[in-house]
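Asker: Fold the following, please.
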Amino acid sequence: MQYKIVVHYAELALKGKNRNEFVKRLRKNMRKKLASIGHDWEVKSIHDRIFVEVGEVEEAVSQHALTELARVPGIAWMSLVHWFDEQKYRFLRTSTPELQPIHDLITKLANQHHVEGHSFAVRVKRSDKNFCMSSQDFERALATTIFKTSPWKTVNLKHADQFFFVDVSSRGTAVHLNKVRGTGGLPVSSTGRVLTLLSGGFDSPVAAWLMANRGCNVDFIHFSASHHNINDVEEYKIARIVKQLSEVTGRSRVFIVPYTHFDMALLEQDLDYDLILFRRFMARVSERIMDKIEAGALVTGDNLGQVASQTLENINSMNRAIDAPILRPLLTYNKEEIIAKSTELDLFDLCREPYKDCCALISKSPRTKSKHVILDKMEREHLSNYEELIQDTLDETTTLVYNFGQLVFKKDAGDEDSYI
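Answerer: Here you go, the predicted model:
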């Protein structure tokens, strides 16, 4: 059987003169995703939808591709369709078109998907008005076929358990079943690049996904307690989180840097506010990398009031540390919502693996309120080698690059500087 995948956009349909650029980006992302699972199928846009030319393959292969594409940001919904080419079947160009192949397929699908006690409905969309029947007449004809040739007995036009969709156009006719919902949003690479502060918990991976779903290229920075052997770093929890996220984000880099230099500097001081001082340090190190990779904003998994470091006062103190904007897409989420999204993204089991977050190691009793002017004075008086701490940290950066779940590059700490 010949298949196509039909894709309807999310909010791209609302774009104005630049709509075509968003659609081109979505098509490009879809092609890359398909290539990552071994397919070089043509992806083209016609009118207000995108068609993936699957061709004649086993249905299981098509279904797997459909599932993978549904994760690509920018898609509202999609369907795997059985395609009847107009040039082959000549549905629209004769006074008495041969519609039996469509009735035969409807019979087959109705018998395959029958569920005792469930209801059905037929939906016909006729975009080419030269077709020989009205949409309502064709719906009634196909419903009659289902009644006569399958066990279906109940019709529910508004809330059917099973819909049979038939879309008639000048290029051919598509027959498909219930639609698969996408994630919505905007295509990755359509709104800029961000760098995400990534911890080992639930929050920051979800924050990164939310930014990707708003069209951002997403890279990551993680502050680690120790240097990791380049040969074993792929098994590190953080690397596995980035690998999983890259199935959606596409090409993503993770920069793993040590926080030991800053930690040792604090050990020699008797300072309050050590946690917020550390978060300001993370922001400054991140800003240096942002300049190299041309990222427009830093992203965190902060949730207002969730922990001591995420009070409004401490959030403001972190903001004042750098010039770049800091985005917090989870600011108003509750923990249950974050856990639910983590589960939906298939990250829950990975994120709950035991892991000591660097902020927990820095401070046992963090202050909940701080002021930028006080922190700035502390940094000048007690951390006079601040620039050296930043540079020493950057010098020990380990870099990994993932592309749709595949590791494509790694650089060990001490190697020649590279921010590809």
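Asker: Now do the same contact list for residue 72.
Answerer: The contact partners of residue 72, taken as C-beta atoms under 8 Å, 6 or more residues apart in numbering, are 26, 29-30, 33, 182-183, 187-188, 248. Bear in mind the C-beta positions are built from the backbone N, C-alpha and C, glycine included.
Asker: can you give me the strands in the stretch 151-300 of the chain?
Answerer: 154-155, 162-169, 172-176, 180-184, 193-197, 217-224, 251-258, 297-299 (DSSP state E, counting those that start in this stretch).
Asker: coming back round to it: any chance of the contacts of residue 72 in CSV, with pLDDT too?
Answerer: Formatted as CSV, those follow (pLDDT from 0 to 100):
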residue, pLDDT
26, 96
29, 97
30, 97
33, 97
182, 94
183, 94
187, 96
188, 97
248, 96
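Asker: Out of these, name the ones that lie in helices.
Answerer: Using DSSP state H, the members of the contacts of residue 72 that fall within helices are 26, 29-30, 33, 248.
Asker: about what we covered before: buried among the contacts of residue 72? Make that a PyMOL selection.
Answerer: Entered in PyMOL, the line below selects the buried ones among the contacts of residue 72, by 16 or more other C-beta atoms under 10 Å:
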select buried, resi 26+29+30+33+182+183+187+188+248
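Asker: Just name the closest of the contacts of residue 72 to residue 75, please.
Answerer: For those, the minimum distance to residue 75 (C-beta to C-beta) is 3.1 Å, reached by residue 182.
Asker: Enumerate every residue touching the nearest residue to that closest one once chain neighbours are set aside.
Answerer: Of all residues beyond its chain neighbours, the one nearest residue 182 is residue 75 (3.1 Å), with distances taken as C-beta to C-beta, 6 or more residues apart in numbering. Counting by C-beta under 8 Å, 6+ apart, residue 75 touches 7-10, 26, 69, 182-184.
Asker: Closest one of those residues to residue 83?
Answerer: Closest approach to residue 83 among the contacts of residue 75 (C-beta to C-beta): residue 7, at 14.0 Å.
Asker: Spit out the contact partners of the closest residue to residue 36 other than its chain neighbours.
Answerer: Leaving out its chain neighbours, the residue that sits closest to residue 36 by C-beta to C-beta, 6+ apart is residue 404, at 3.6 Å. Contacts for residue 404 (C-beta under 8 Å, 6+ apart) come out as 32-33, 36, 246-247, 250-251.
Asker: Please apply the same query to residue 40.
Answerer: So residue 40 contacts residue 34 (C-beta under 8 Å, 6+ apart).
Asker: That one falls within a helix, correct?
Answerer: No: using DSSP: H, G, I helix; E, B strand; the rest coil, the assignment for residue 40 is coil, not a helix.
Asker: Grab the longest helix from this protein for me.
Answerer: Across the chain, the longest stretch assigned as helix under DSSP H is helix 274-293.
Asker: got the residue ranges for the helices in the stretch 201-350 of the chain?
Answerer: For the stretch 201-350 of the chain, the helices defined by DSSP state H, counting those that start in this stretch occupy 203-212, 237-249, 260-267, 274-293, 312-319, 335-344, 348-351.
Asker: CA atoms only: put the last one into CSV for me.
Answerer: The C-alpha trace of helix 348-351 is given here as CSV (Å, rounded to 0.1, in the frame of the first residue of the first chain):
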residue,chain,number,x,y,z
PHE,A,348,11.2,10.8,34.7
ASP,A,349,13.1,7.6,35.4
LEU,A,350,16.4,9.1,34.3
CYS,A,351,15.9,12.3,36.2
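Asker: Check the offset of that helix from the chain's centre.
Answerer: 17 Å (C-alpha atoms, centre = their mean, to the nearest Å).
Asker: contacting residues around that helix?
Answerer: Helix 348-351 is contacted from outside by 200-202, 205, 237, 240-241, 244, 339, 342, using C-beta under 8 Å, 6+ apart.
Asker: Flag every buried residue along stretch 122-138.
Answerer: Neighbour count says stretch 122-138 has 122, 124, 126, 131, 135, 138 buried, by 16+ other C-beta under 10 Å.
Asker: my read: the third one touches residue 138, true?
Answerer: Just to be clear, that refers to residue 126. Yes: between residue 126 and residue 138 there is a contact under C-beta atoms under 8 Å: 7.3 Å.
Asker: Tell me how many other residues surround residue 59.
Answerer: The local packing of residue 59 (other C-beta atoms under 10 Å) involves 12 other residues.
Asker: distance of it from residue 193?
Answerer: Distance, residue 59 to residue 193, using C-beta to C-beta, to the nearest Å: 38 Å.
Asker: Can you tell me the centre-most residue of the protein?
Answerer: residue 248 (3.9 Å; C-alpha atoms, centre = their mean).
Asker: Contacts only, for that one.
Answerer: 71-73, 183, 188, 209, 212-213, 345.
Asker: for this structure, which spans come out with low pLDDT?
Answerer: Applying pLDDT under 70 to the chain flags residues 1, 87-97, 268, 270, 356-366, 414, 416-420.
Asker: Tell me, domain by domain, which residues of the protein belong where.
Answerer: Per automatic domain parsing, the structural domains of the chain span 2-183, 193-411.
Asker: now, of these, which is deepest in the fold?
Answerer: Mean neighbour count (mean count of other C-beta atoms under 10 Å) peaks for domain 193-411 among the domains of the chain, with a mean of 18.
Asker: out of the contacts of residue 75, who's nearest residue 278?
Answerer: Distances from residue 278 to the contacts of residue 75, taken by C-beta to C-beta, are shortest for residue 183, at 34.0 Å.
Asker: So the closest one sits against residue 214, correct?
Answerer: No: using C-beta under 8 Å, residue 183 makes no contact with residue 214, being 10.9 Å away.
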